[in-house]
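Trainee: Using only what follows, build the 3D model:
(2 chains)
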Amino acid sequence: MITVTFPDGAKRSYEKGTTAAQVAASISKSLEKKAVAAVVDGTLSDLSDPLQSDAKLELVMRDDGRALELIRHDCAHVLAEAVQELFPGTQVTIGPVIENGFYYDFFRNEPFTPADFPVIEKKMREIIQRDKPFTKSLKSRDEAKDFFRAKGENFKVELVDAIPAGQDIKFYDQGGWIDLCRGPHMPSTGRVGSAFKLMKVAGAYWRGNSNNPMLTRIYGTAWANDKDMQSYLTALEEAEKRDHRKLGREMDLFHFQEEGPGVVFWHAKGWTMFQQLIQYMRRRLTKLDYDEVNAPQVLDKSLWETSGHWGWYKESMFAVTSAGDETEDEQVFALKPMNCPGHVQIFKHGLRSYRELPMRLAEFGTVHRYEASGALHGLMRVRGFTQDDAHIFCTEDQMADECLKINDLILSTYRDFGFTEFVVKLSTRPEKRVGSDAAWDRAEAIMSKVLEQIAIESDGKIKTAVNPGEGAFYGPKFEYVLRDAIGRDWQCGTTQVDFNLPERFGAFYIGEDGNKHVPVMIHRAICGSMERFLGILIENYAGHFPLWLAPLQIVVCTITSEADAYAVDVVRQLKDAGLRVEVDLRNEKINYKVREHSVTKVPVILVVGKRETEERAVNMRRLGSQDQKSMTLVDAIAALRAEATPPDLR
RNA sequence: GCUGCCGUAGCUCAGUGGUAGAGCACUCCCUUGGUAAGGGAGAGGUCGAGGGUCCGAUUCCCUCUGGCAGCACCA
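Mentor: Numbering: from 1, shown residues only, chains lettered A, B, ... in the order given. Next up, the predicted model:
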C-alpha cells in the first residue's frame, strides 16, 4: 500500500500502482469526470500514470491555470492529426506550447495558407468530437526509429536520435494517430474543447537553424473557454490599435518610403518628440557629469578592423566610397555602426591622467547598420538610428560604482516615462568573443556583485536574471527590460563593461604611480535606440502622450470668425509661455474641429467663441474626456505651463 | 537573408484581359455653427518597377523592389 497526501493535508491509502484517475474516482464521480491531469510531488503528470510510492497528489481540473498548457498541447496534437488526415504526405515535426497558444511545424512541399484554416479547424473539431483517449506507450530507440522510418517521418527520426540514450521514448496514441511526445496529456481529445483558433502560418527553420530546411508553421491559440479566448482576441485588437506605425501616420509623426528602407523620415511633429527626448536626456547627463561629444559618421575601415567590428559584423556594415572615383587605391570607409571607436579616439587625443577618470563621454550618435531586410519593423528595427550612447573610461576599481550610477540613471529615466516594472539581466561571455578568460572572469565577477546589489537596494522590486552566453563580443552586459502598459516587455538600456577595446586601440592613462594603465571602458545606453524608444512610447501611451512629450500640445479652436483675432492672441500668449500650440480658424463647426483634433490625439483643445472673447477666457477640453472647463486665459496658461514641465524639472 | 502573403488616389479599400472606382482627406462655394463628421461642386492615379505572353496587361507569367507575418539575426 502507498499513502497519498492531498493538498489539504488529508491522507488516503491505495494499492501500489493505483493511477491518479482511480484516486479521483475513489473520491467522487464528478472529480473523476472533471480532472484532466495530476500534479504528483510537484510534477504535472498523466492521470493514467500509476503511483509507485507515497506521494503528494493534486488533481488538476480543466479550468485550472495549469491545465491550460495541456489544452494547448493537446490542441497541437489534434492539429497535427487533422493536417495529416487532410493532407497525406505531410511530415510532422514539433508542436510546442507557447504564450497564448501553440504551434506545429510541418514539412510539405506546398505550404499551407490561411485559406486552409477553415477545413483544418473543421477536421480538428471532428477529432475533438471523437473524444478518443490519449494512451501512452514506451518504445525503445530502435523501435521508435523503425516506426517513424516506416511512416516516412524523417524529422521524427532525427528527433528520436537527439533524445539522450537511456531515456524512455514516450508515444501517445489518440485514436490511432500516434506521436512522439514527452507529455503529459489530458485523458482524451474531447477535453480540448472548442475555444481554439488557427491564427497564422509562417515559415520556420527546422531546429531554428537557417541552414536547415524551412518548414511551415501553423500558429493557433487555445483557451479553457470561449470567454477567455474572446478577451485574448480583443487584447490583440487593442494592441493593433496602438501600433506605432499606424499612430505615426495618423499623428503625422514620421514616414518610411521605398527609397529608404529602414530609415526614418521624421516629420515636424515626430521630430519635436525626438527633440524632447534628447533634451530631457541631455539635462540629466549634464547633472551627472557627462561630457557630450560628437564623432564622425564616416571613418576609415581600419578603425573598424581594430575594434573587431569589421571582422564580426562586416556583412551588416555600410561601406562608403567615392561614387565618382573608380581608381583601385581608393580608401574604404564605413558608416559608423557604433560610437565606441570614435569615443576611444577622443579619449586618446591627449595624455590622460587618472585624475580625469571616470571620464564620461556621451553622444546622441546616429549609427547605421545594414539589418537583414526581414528584420526591419517600423521604428522598432531600422537601419539608421540614434543611440543615447556613452562610454565611461575608468579604473577597474571605479567600475562597480559607475555601473550602479548608470543603474540609477536608467531606472529613474524609465520611471519618468511612466514605466514601473523592470528586469535587469546579466548576459555573460558568448562563444564568439575577444579577450582572455581571466579578463572575462574579473568582469563577470564584478557584474554579478553589482547585479546582487541592484536587487538588494531595490528591496527586490527590481527583478534580476542571468542570460548565459548572451554578452557582447568584448564584454558582459546588463540588459534593462521594461514592461509597457499592456504587459509587453522591451529590452532598452544596456551597460557593457569592456576590458578589450581600450587595449586594442592602445588607449591609456597615466596613473598615480606615473605609469601607463589601460582604462576599463563601460558602454551604456538608456533608451538604446531613440527611434525604437519613441516607438515603444507611442505604443505604451497609445498616442495619448503626457503634455511635456506631446508633439502638439494645444489647439485653439474658434466657434465663429468673430473670435479669430482673440484666438490668434491666445495662441501668441501660449507660445510665449513655451507651449506647442496651433490655431484652427477654419470655417468648420466646432464638432468637426473637436473630432479632428481628438482623432489626431491633441491633449488639449481650447475652444473660444464670442463669450470667451468678451471674458478673456478659454474653454478647455482634455483628450479622452467630454468635460469642458471654462477658465481665464491667465489661469489656463499657468496650469498648462506647469503640466508641460518635463519630469526632471519639476 | 529564408518561407508565405501583399503593393490600385494623401489614407482606408472596391474592381476588371479592352488604359479605373468609393469613403475620408484636399481645393472652391454656401453655411458663423458652442464640444467627436453641415451642404454642394471640383481636382487628384504611368494601378510599385522592368521584362514576357497576348491584337490588347492594372489584371496572366517571370525578375526586381518595398511592405506585412513569422523564422534566423540584433555589436
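Trainee: The residue in the stretch 401-550 of chain A positioned nearest to RNA strand B pairs with what?
Mentor: Residue nearest to RNA strand B within the stretch 401-550 of chain A (Cβ to the nearest atom of the strand): residue A:472, separated by 4.0 Å. Where C-beta positions appear, they are placed from N, C-alpha and C, glycine not excepted. Going by DSSP bridges, residue A:472 is paired in beta bridges with residue A:475.
Trainee: For it, the count of nearby residues, please.
Mentor: Other residues near residue A:472 come to 20 when the count uses other Cβ atoms under 10 Å.
Trainee: so who does it touch?
Mentor: By Cβ atoms under 8 Å, 6 or more residues apart in numbering, residue A:472 lies in contact with A:427, A:430, A:496, A:498, A:523.
Trainee: Name the SS class of residue A:397, please.
Mentor: helix (DSSP: H, G, I helix; E, B strand; the rest coil).
Trainee: Look at residue A:549 and tell me its secondary structure.
Mentor: coil.
Trainee: can you give me the end-to-end distance of stretch A:173-188?
Mentor: Terminal residues of stretch A:173-188 are spaced 10 Å apart (Cα to Cα, to the nearest Å).
Trainee: Next: stretch A:257-269.
Mentor: End residues of stretch A:257-269 are separated by 18 Å (Cα to Cα).
Trainee: backbone phi and psi for whichever residue of the stretch 1-150 of chain A sits closest to RNA strand B, please?
Mentor: RNA strand B sits closest to residue A:111 of the stretch 1-150 of chain A, with a gap of 4.2 Å, by Cβ to the nearest atom of the strand. The phi/psi pair for residue A:111 (degrees, to the nearest 10) reads phi -70, psi 160.
Trainee: got the contact list for it?
Mentor: Counting by Cβ under 8 Å, 6+ apart, residue A:111 has contacts A:201, A:203, A:216.
Trainee: can you narrow those residues to ones near RNA strand B?
Mentor: A:201, A:203, A:216 (Cβ under 7 Å from any atom of the strand).
Trainee: tell me which of those is nearest to RNA strand B?
Mentor: Looking across those and measuring by Cβ to the nearest atom of the strand, the closest to RNA strand B is residue A:203, at 2.8 Å.
Trainee: and the nearest residue to that closest one once chain neighbours are set aside, how many residues sit next to it?
Mentor: For residue A:203, ignoring the flanking residues on the chain, the nearest one in space by Cβ to Cβ, 6 or more residues apart in numbering is residue A:214 at 4.7 Å. Neighbours of residue A:214 under the rule other Cβ under 10 Å: 14.
Trainee: got the contact list for residue A:214?
Mentor: With Cβ under 8 Å, 6+ apart, residue A:214 has these contacts: A:203-206.
Trainee: Residue A:484 is in contact with residue A:539, correct?
Mentor: Yes: using Cβ atoms under 8 Å, residue A:539 is in contact with residue A:484, at 6.6 Å.
Trainee: The stretch 551-650 of chain A against RNA strand B: which residues are in contact?
Mentor: Counting by Cβ under 7 Å from any atom of the strand, the stretch 551-650 of chain A sits next to RNA strand B at A:558-562, A:587-592, A:594-595, A:598-599, A:605, A:607-612, A:619, A:621, A:623-624, A:626, A:628.
Trainee: ok, now the stretch 251-400 of chain A?
Mentor: Near RNA strand B, when you scan the stretch 251-400 of chain A using Cβ under 7 Å from any atom of the strand, you find A:256, A:258, A:261-262, A:309, A:312-313, A:316-317, A:337-338, A:369-378, A:381.
Trainee: Mean confidence (pLDDT) on the host helix or strand of residue A:26, please.
Mentor: Per DSSP states H and E: residue A:26 is located in helix A:20-27. Averaged across helix A:20-27, pLDDT comes to 92.
Trainee: So which elements touch it?
Mentor: Here helix A:20-27 touches strand A:11-14, helix A:29-34, strand A:35-40, strand A:55-61, going by 3 or more Cβ pairs under 8 Å, 6 or more residues apart in numbering; DSSP states H and E.
Trainee: which of these is buried the deepest?
Mentor: The highest average neighbour count among the helices and strands packed on helix A:20-27, using mean count of other Cβ atoms under 10 Å, belongs to strand A:35-40 at a mean of 23.
Trainee: Now for the residue of chain A found nearest RNA strand B, how many residues are close by?
Mentor: Chain A approaches RNA strand B most closely through residue A:374 (1.8 Å), counting by Cβ to the nearest atom of the strand. The local packing of residue A:374 (other Cβ under 10 Å) involves 7 other residues.
Trainee: Now do it, the pLDDT please.
Mentor: pLDDT, residue A:374: 94.
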